[in-house]
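1. pasting the sequence and the predicted model now:
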Amino acid sequence: MATERLTEVPLEPLVPGVALTYDLYAADGRLLLRAGAEIQSLEQIGRLVELGARSMMPADAVPDPAQSPKRALSPTATAIAVRRQLEPQLAELLRTDAPERFGARIAALAERIAALAFEAPDATLATLFLCRDAPLGVRQPLDAAIVSSLLVRELDRDAADVRRLVCVALTANIAFWPLQEAFYHQSTPLDDAQRARIRAHPAAGVRRLQALGVDDAGWLRAVFEHHELPDGTGYPRGLAGDAIGEAAIVYGLADRYCAMITERAYRPGALPSLALKQLFEQQGRTVPQQYAQLLVRQVGIYPPGSLVELENREVAVVVQRTRNAHQPIVRAVVGPWGAPHETPIKRFTRLDRYRIARALPTGQVALPSPELLWGEDATDAAGPTDADGPD
């Protein structure tokens, strides 16, 4: 197939275990992978990115959007679909007593999460707010795994370190997860026995992972230390400062953030902006300063998928972070007088009239489909938009 007869089409997220829809070519026109091939690892994705990988198909085979009802999934729809696939797989692994390939299977899940977060970070972050119906013992590890993978990427760690940290996030509460759902629905304060179980779960988690054949020292250490805090007030050993490993610090911060924004029977979830503010105020004590700033840069004050009210009284969904954490790109879904927009409208919050006035709780309004918010149909041509686009 001659490259001059090919047309470039949007590159879908490269995720281990997910088959390619189109042929994949290098920037110089060399065929890299055929449609139907599966990505095998994070290392392979790194090599493909270095080669300038792009999706190509014959020009006469590109579907006409006006005539074909079948469209490629948007990155967010893809992220939601992948997450939905992973939820039952993770639940099965967390409850298993069979050590056969446990570590390898967790690592395979970690590969898919880390790759998706790398290829489509805004879309993957949005699943924290769009995928909220799984049991807490599955939902929170996936949330923390996504945030952890974004944090460690900016630290410029290699693929093995990224994979290990995501494995930590998926399994840190393995000895505690059956109780998480019960505590989630409990409306009374925890009793002494329950608090003791919580404080014991890092060490119990290490024992359970070892029984399942995990022998990676870095993985086990981070699970044991993930509730230790830099000022020495954490548990189980009250470690402080440099005595705590980096993986435990990064995952612990991601876990705390995700726990704060997750609702419980006795309280609503904190607004993301307030959770971030509380963690940022603790920098230097329970949160190292450099990691607090990392969380702001990678997650954003208004993360994708969260709801905000604009200065003009529209309600909007955050769809994309920008270099200014206070000024994400959003799509307005409800007008100033409370009537839903027929089509979500793109707004640039750096403009005074669309400045974010306040964050809103998740679930306050019904959202349109991800395709209308992030897909190819979510174009400015579908409705009114800002007169002047991004700088």
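-> Looks like it arrived, so ask away.
2. what's the helix or strand for the spatially closest residue to Pro178 that is not a sequence neighbour?
-> Leaving aside its sequence neighbours, Pro178 sits nearest to Gly137 (CB to CB, 6 or more residues apart in numbering; 6.9 Å). Bear in mind the C-beta positions are built from the backbone N, C-alpha and C, glycine included. If you go by DSSP states H and E, Gly137 is part of helix 136-154.
3. same for that helix, what does it pack against?
-> helix 75-95, helix 102-119, helix 121-130, helix 159-171, helix 177-185, helix 246-261, helix 289-299 (3 or more CB pairs under 8 Å, 6 or more residues apart in numbering; DSSP states H and E).
4. residues of the lengthiest strand in the chain that come out buried?
-> As assigned by DSSP state E, the longest strand anywhere in the chain is strand 340-348. By 16 or more other CB atoms under 10 Å, the buried positions in strand 340-348 come out as 341, 343-348.
5. test my guess that the residue nearest to Pro178 contacts Asn173.
-> Yes: if you go by CB atoms under 8 Å, Gly137 and Asn173 touch, sitting 7.1 Å apart.
6. please enumerate the shared neighbours of the two.
-> Common contact partners of Gly137 and Asn173 (CB atoms under 8 Å, 6 or more residues apart in numbering): Gln180.
7. rewinding a little: can the buried residues of strand 340-348 go into CSV with extra columns for distance to Arg195 and pLDDT?
-> Shown next, in CSV, are the buried residues of strand 340-348 (distance: CB to CB, whole Å; pLDDT from 0 to 100):
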residue, distance to Arg195, pLDDT
His341, 47, 93
Thr343, 50, 91
Pro344, 45, 93
Ile345, 48, 94
Lys346, 47, 94
Arg347, 45, 96
Phe348, 47, 96
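8. check contacts around Ala114.
-> By CB under 8 Å, 6+ apart, the contact list for Ala114 reads 42, 149, 159, 162-163, 166.
9. by neighbours, which of those residues wins?
-> Val166 (29 neighbours; other CB atoms under 10 Å).
10. residues in contact with that one?
-> Counting by CB under 8 Å, 6+ apart, Val166 touches 109-110, 113-114, 145, 148-149.
11. which single one of those residues is nearest to Leu276?
-> Ser148 (15.7 Å; CB to CB).
12. surely that closest one is in contact with Val168?
-> Yes: using CB under 8 Å, Ser148 is in contact with Val168, at 7.5 Å.
13. name the residues contacting each of the two.
-> Tyr251.
14. low pLDDT regions in the protein?
-> 1-13, 18, 42, 56-75, 184, 375-391 (pLDDT under 70).
15. where do the domain boundaries of it fall?
-> 3-61, 75-299, 307-382 (automatic domain parsing).
16. what lines up beside the longest strand of the chain in the sheet?
-> strand 329-334 (antiparallel) (DSSP bridges).
17. check contacts around the closest residue to Val214 other than its chain neighbours.
-> Distance criterion CB to CB, 6+ apart; nearest residue to Val214, sequence neighbours excluded, is Gly103 at 5.0 Å. Neighbour list for Gly103: 167, 212-216 [criterion: CB under 8 Å, 6+ apart].
18. measure Gly103 to Gly205 for me?
-> Taking CB to CB, to the nearest Å as the measure, Gly103 falls 14 Å from Gly205.
19. okay, Ala53 and Leu14: tell me how far apart.
-> Remark: distance between Ala53 and Leu14 (CB to CB) = 7 Å.
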